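[1] sequence and predicted structure below; questions after.
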Amino acid sequence: GGILRFAWPLILTDVVQKASRPLVNAYIAHTQGHVAVAVLGLIYPIGHMPYGWLNAMKSMHPAYLDRPHMRFNRIPRFTAMVILFSVSWGVLATVSGLNRLLLEKISGVSPSLARASFTPLMIFALFGVPVGLRASLTGWLTADKSTQALTFSGLVRIPSIICTLVTLDALGVKGATLGIAGLFAGFAFQALGVVVGMMFCRRDRSYQAVESVELKLRA
């Protein structure tokens, strides 16, 4: 029972995360056509590079479980630094034309498609913020054996993607930009869900601590 209670929120968030891209691809294929899906597939590896490695932040808090100074001071500062580095990498690689060069010379994309990738790649550059925050807080909750706080973040991701895709499509956002915006919304709302879950977890622990003190005083 204890293992299942600990593991199932982690499993839920992982399954939901893996389902996000197929969902976005299916929506884009149905509403925008296969060219837009092809562009998504071409730019995803390049857009993923600046932030994909941030998922390793999940291992930081469990690794320093017995060192509070690291967990409460140095790891949060390190998280902020790597998020800033990730965003800077994505923005500079796109604005400088490096990403476009990679698309044209290595992937063999036509110049017109490479130019059309600018806005999606700029959105990709921002992924480091929710991904880094989510990874660090997930590691924190895992180390504290409080994975139940991740449940809400797993449940909110898919609805947020669908709502974003439908809303932006109605507002005139099209092509690969629409797909990447939907993915970003999923990451952003999931990260927000982790923050909300962590706040509730801390509040419950505070109440439990107060009740424990009151019981001791009565005794």
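    Yep, it's here. Numbering: from 1, shown residues only.
[2] what is the burial count for residue 75?
    20 (other C-beta atoms under 10 Å). For every residue, glycine as well, the C-beta is placed using N, CA and C.
[3] my guess is it meets residue 59, correct?
    No - the pair residue 75 / residue 59 is not scored as a contact, 10.7 Å apart, by C-beta atoms under 8 Å.
[4] list the contacts for the residue nearest to residue 28 when sequence neighbours are not counted?
    Nearest residue to residue 28 in three dimensions, chain neighbours excluded: residue 179, at 4.5 Å (C-beta to C-beta, 6 or more residues apart in numbering). Shown in contact with residue 179 (C-beta atoms under 8 Å, 6 or more residues apart in numbering): 24-25, 27-28, 32, 36-37, 40, 120, 165.
[5] of those residues, which is the nearest to residue 136?
    Within those, distances to residue 136 taken as C-beta to C-beta reach their minimum at residue 24, with 24.7 Å.
[6] I figured that closest one was touching residue 181, is that so?
    No - the criterion here is C-beta under 8 Å, and residue 24 misses it with residue 181 at 9.6 Å.
[7] what do those two both touch?
    Joint contacts of residue 24 and residue 181 (C-beta under 8 Å, 6+ apart) are residue 165.
[8] separation between the residue nearest to residue 28 and residue 139?
    Using C-beta to C-beta, to the nearest Å, residue 179 is found at 29 Å from residue 139.
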